[in-house]
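1. Fold the following for me, if possible:
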Amino acid sequence: MIKRHPLEKILLSIVTIIVMVFFLVPIFWLITTSFKFGRDSFAIPPQWINFDFTLKNYTELLEASKTGMFVKNSVIITFFTTVLSLVLGVPAGYAIARSKSRLLNSSSYFFLIILMIPPVAMLIPFYLIMRDIDLLGTYRAVIILDTVFDASFVVWMMRSYFADVPQEMEEAALVDGASKFTSFIKVALPLSVPGIVSSAIYCIIYSWNDFLFALMLTNPKTKTIPLGILASFSAIEISWGQMAAMSMFAIIPALLISIFLNKYYIQGLTMGATKG
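-> Numbers count the residues shown, from 1 in each chain. All right, here's what the predicted structure looks like:
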């Protein structure tokens, strides 16, 4: 174990606190604003704790029929995007990791290139395609485009993860009479659960927070939570309290999933980034 100087520990603690404050203060402002009246949102001096508490912003959102619609649409798009990305990406990552073809192994960089392309660069071509095949304004349009990016990440992630799974265990299953598919299902997949979970979390967060694709490819009946937050802005006023309350609906699901699966997420990202 490397012993650190007491001064170094103090400096590290100070830096850690500064970084935490930098990232947590905006979230704290968002939470408190969701429980404030409009007049208190930008009071000078700022009222961080001593303010008139109200649930008005939440009650108005829950009474509005569109709030439930936003949540439902986000859940549908996120669920099917995540499932489709895993169904396509996990077997593809396994195939690339187990392939002895140099060409197929090199193809994994194609998926990395897709991730490097700015999403806005693909928006117009996909918009025209979805319009021509009459999918514009549907869930499927957003799901397909989100899956392009999510599945690419899953392939790249799982290729590295499956490369770390000992092939001897799969070979032993083959000797015992199992097929390639059976060894994949019963040997490789159980050993790669952390990688699969971390990939799923990425897909969930990306799809849940997607704004650009949802903005261009949905209609008023298929809009998602990020677009619901945008609806707080109008030409007449900005409902900061309702915007903050709607933001909490967007933050809480992703936060709960991240906390619950944090152990698998960190382990999966670490091994996926360093192995293979």
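
2. any idea how far stretch 36-46 is from the chain center?
-> 32 Å (C-alpha atoms, centre = their mean, to the nearest Å).

3. Contacts for stretch 15-35, please.
-> Outside stretch 15-35, the residues that touch it by C-beta atoms under 8 Å, 6 or more residues apart in numbering are 41, 48-49, 51, 53-55, 57-58, 240-241, 244-245, 247-248, 251. All C-beta atoms are positioned from the backbone trio N, CA, C, and that covers glycine.

4. Determine the set of other helices and strands touching the longest helix seen in the chain.
-> For the chain, the helix with the greatest residue count under DSSP state H is helix 65-98. Here helix 65-98 touches helix 102-106, helix 139-162, helix 193-209, helix 225-230, helix 240-260, going by 3 or more C-beta pairs under 8 Å, 6 or more residues apart in numbering; DSSP states H and E.

5. I'd say residue 135 and residue 143 touch.
-> No: in terms of C-beta atoms under 8 Å, residue 135 does not count as a neighbour of residue 143; the distance is 9.7 Å.

6. These two: which is more packed in?
-> Using other C-beta atoms under 10 Å as the criterion, residue 135 and residue 143 rank with residue 143 on top: 24 against 17.

7. what's the weakest-modelled helix or strand in this protein?
-> helix 262-274 (a mean of 55; mean pLDDT, DSSP states H and E).

8. Pick out the shakiest of the helices and strands packed on helix 65-98, pLDDT-wise.
-> Mean pLDDT is lowest for helix 102-106 among those, at a mean of 75.

9. other SSEs contacting that one?
-> helix 65-98.

10. May I see the buried residues of the helix it packs on?
-> 67, 69-71, 73-74, 77-78, 80-82, 84-86, 88-98 (16 or more other C-beta atoms under 10 Å).

11. Stretch 112-128 now?
-> Buried, per 16+ other C-beta under 10 Å, within stretch 112-128: 114, 119, 122-123, 126-127.
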